[in-house]
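Colleague: A structural model of the following input is requested.
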Amino acid sequence: MESSPRPVTRRVWRELIAIGLAITTVGCATVGSGPGTPTPTVWDPTAWKPPSPIAVPTMTDEERASRRLADLQEFATLHKIKPKSTPPLERWTLPDDQAVPVSACLRDSGWAAEAGPNGYLQTTVEEAQRTAQKLAQYDCMARFSIDPRFLSQPTQQMYGAVWTYFKDYGIPCLARFDLAPDLPLPTRETFLATNGRWGLYPINAEVPAEVQAVCPQLPPTRAMFGLE
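Modeller: Got it, this is the predicted structure:
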């Protein structure tokens, strides 16, 4: 089974996940459930809230349309495909929920696809059919494109919110399943200074899909930005 690569290098969550794989070992702090660290009684990542509200980045309609086409072209270039046309946008999606409508769209076109945990699209395709499948995926991604406002460079406030998520929710959630990150969480100052170079999931241990669903690698976009 293939987890299709994220097509947009500027995507907030993709960038943060990629950075998390480049782990640093300096400035680490032990994290526990001491004073000031609430421990959830119900493990629901959508119930997590950032320490302070984070505004959705502003962008004009023209900028959003231009970025959408650029992101789609990046996907086409990555997979060496030449779409004959680009379907019109049906609705904007978020980085961690685009896989749901795209997988349904692919299945409607006869391709095996599922929305995996953490927002990744999982597909199964024979090598001889890969180009045709990627063309179909391009069409589906065009119909359900990610809102470019959520593909912007992460701010220091966003990095700080992610650090708080790791400390108060992500690490305790993994511990419930007898899992732990490879390294202690850096101090907040180090995390910000290195643009979030730390990863929640252990690299050499399998994190089951049901655990990923309850303990996402990053906070859900809707929770991060206070979206309904």
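Colleague: Show me the shaky parts of the chain.
Modeller: 1-41 (pLDDT under 70).
Colleague: which of the residues in the longest helix seen in it are buried?
Modeller: Criterion DSSP state H: the longest helix present in the chain is helix 61-78. In terms of neighbour count (16 or more other CB atoms under 10 Å), helix 61-78 has its buried residues at Arg64, Arg67, Arg68, Asp71, Leu72, Phe75, Ala76. C-beta: built from backbone N, CA, C; applies to glycine.
Colleague: same question, stretch 199-216
Modeller: Buried residues in stretch 199-216, counted by 16+ other CB under 10 Å: Gly199, Leu200, Tyr201, Val207, Val211, Cys215, Pro216.
Colleague: Keeping just the C-alphas, turn it into CSV.
Modeller: C-alpha atoms of stretch 199-216 as CSV (Å, rounded to 0.1, in the frame of the first residue of the first chain):
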residue,chain,number,x,y,z
GLY,A,199,9.2,14.4,16.2
LEU,A,200,6.3,13.0,18.3
TYR,A,201,6.3,9.5,16.8
PRO,A,202,9.1,7.1,17.5
ILE,A,203,10.9,6.5,14.2
ASN,A,204,11.7,2.8,14.6
ALA,A,205,8.4,1.7,16.2
GLU,A,206,5.1,1.1,14.4
VAL,A,207,2.4,3.4,15.6
PRO,A,208,-0.9,1.7,14.8
ALA,A,209,-3.5,3.5,12.8
GLU,A,210,-6.0,3.6,15.7
VAL,A,211,-3.3,5.2,17.9
GLN,A,212,-2.5,7.8,15.2
ALA,A,213,-6.2,8.7,15.0
VAL,A,214,-6.4,9.4,18.7
CYS,A,215,-2.8,10.8,19.1
PRO,A,216,-2.2,12.8,15.8
